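K.L.:
the following block contains a protein sequence and its predicted model.
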Amino acid sequence: MKTIIQVDHFRAAFGKKVILKDVSFTLTNDQLVVILGENGAGKTTLVTAILNAALSQEKTGAIQVQAENVAYVPQFRDLGADYPLSIRSFIALGVRNYGLPWLSKSEKQHVADAIQRFDLEAIADQPIAMASGGQKQRAYIAQAVAKQPDLLILDEPSSALDSEHTLALVKQIRQVQQEQKMLVLWISHDTSWVKGKADRYLWLHNQEVDLGLAKELPVAADSTHREEVNHVF
Ligand SMILES: Nc1ncnc2c1ncn2[C@@H]1O[C@H](COP(=O)(O)OP(=O)(O)OP(=O)(O)O)[C@@H](O)[C@H]1O
């Protein structure tokens, strides 16, 4: 077990508006962690600070990230209809060793594994621009996973998926997380699967962060009990 993220008295504010006031927690490489919180709670702010810490390699900040390879899948984005790459080439972009115009044998294998893992084989050579919203989302995730990250951050990856496909995605991510011993941070508003399938929750509320076992998710953090979310889904 290896520590990937160590947060020690982190504070985030925009001007006078405090978003997170004194946050500390540690996360290791054997966890699927769901980040929960209402709109504006600070989920994106926290994830952005983690990404910046991972990139800066600064040793004295409130957030320390021990990950050589970080992959981030932002919220659903659409590619223009004229985006030229096939799904396979798009996924290969994630693993390309810059400097070499071709992929090594093992990189090709990582691309092929990701295509298979996320059920994209049948459409792998079609333009990604032609894929459905759910297929595109799986391709974005496959691209990130093919990089073989130590830390994978997913921002609402199931927003274009129905509940059946969400559960399939949870299972696929769970499997890759365990096989490759990575830390997965998954921002989600849908908590229906959290108790059964995640390891931990990070619940942002009242400018604080609660870290706990997913199976002990507090009722107040559980969107299936919140009217506003039931309304949306
Ligand atoms: N650049 C900025 N300048 C000022 N305020 C900001 C900025 N970015 C975010 N905020 C504010 O900080 C708060 C937290 O935003 P953040 O995007 O982190 O929340 P979130 O939990 O990710 O929300 P959502 O679920 O809606 O994506 C919000 O009130 C937002 O308006």
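P.N.:
Yes, it's here. Computed from a prediction, not measured in an experiment: that's the story for all the values here.
K.L.:
buried sites along the biggest helix by length in the chain?
P.N.:
Counting residues, the longest helix found in the chain (DSSP state H) is helix 163-180. Going by neighbour count (16 or more other CB atoms under 10 Å), the buried part of helix 163-180 is 166-170, 172-174, 176-177. For the C-beta atoms, the positions are set from N, CA and C on the backbone; glycine is no exception.
K.L.:
now that helix, how far from the chain's geometric center?
P.N.:
Relative to its chain's centre, helix 163-180 lies at 12 Å (CA atoms, centre = their mean, to the nearest Å).
K.L.:
what residues does the following helix or strand past it touch?
P.N.:
Helices and strands here follow DSSP states H and E; after helix 163-180, the next one along the chain is strand 183-187. Under the contact criterion CB atoms under 8 Å, 6 or more residues apart in numbering, strand 183-187 has outside partners 4-5, 27-35, 43-44, 47, 50, 67, 150-157, 173, 177, 198, 202.
K.L.:
contact residues of the protein facing the ligand?
P.N.:
Neighbours of the ligand within the chain, by CB under 6 Å from any ligand atom: 14, 19, 37, 39-45.
K.L.:
please repeat the previous calculation with a cut-off of 8 Å.
P.N.:
By CB under 8 Å from any ligand atom, the residues of the chain that approach the ligand are 12, 14-15, 17, 19, 37-48, 75, 156, 187, 189, 204.
K.L.:
just put the buried residues of helix 163-180 in JSON lines and tack on distance to residue 118 and pLDDT.
P.N.:
Listed next are the buried residues of helix 163-180 as JSON lines, based on distance: CB to CB, whole Å; pLDDT from 0 to 100:
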{"residue": "166", "distance to residue 118": "13", "pLDDT": "89"}
{"residue": "167", "distance to residue 118": "14", "pLDDT": "91"}
{"residue": "168", "distance to residue 118": "9", "pLDDT": "91"}
{"residue": "169", "distance to residue 118": "8", "pLDDT": "92"}
{"residue": "170", "distance to residue 118": "13", "pLDDT": "94"}
{"residue": "172", "distance to residue 118": "6", "pLDDT": "94"}
{"residue": "173", "distance to residue 118": "9", "pLDDT": "95"}
{"residue": "174", "distance to residue 118": "13", "pLDDT": "95"}
{"residue": "176", "distance to residue 118": "9", "pLDDT": "94"}
{"residue": "177", "distance to residue 118": "14", "pLDDT": "95"}
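K.L.:
mind giving me a markdown table with those and columns for distance to residue 137?
P.N.:
Below are these laid out as a markdown table (distance: CB to CB, whole Å):
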| residue | distance to residue 137 |
| --- | --- |
| 166 | 10 |
| 167 | 14 |
| 168 | 12 |
| 169 | 8 |
| 170 | 13 |
| 172 | 12 |
| 173 | 12 |
| 174 | 17 |
| 176 | 15 |
| 177 | 18 |
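K.L.:
does the closest residue to residue 221 other than its chain neighbours count as helix, strand or coil?
P.N.:
Spatial nearest neighbour of residue 221, excluding adjacent residues (CB to CB, 6 or more residues apart in numbering): residue 203 at 4.3 Å. Here residue 203 is strand, with the state taken from DSSP: H, G, I helix; E, B strand; the rest coil.
K.L.:
run a quick neighbour tally on residue 203.
P.N.:
21 (other CB atoms under 10 Å).
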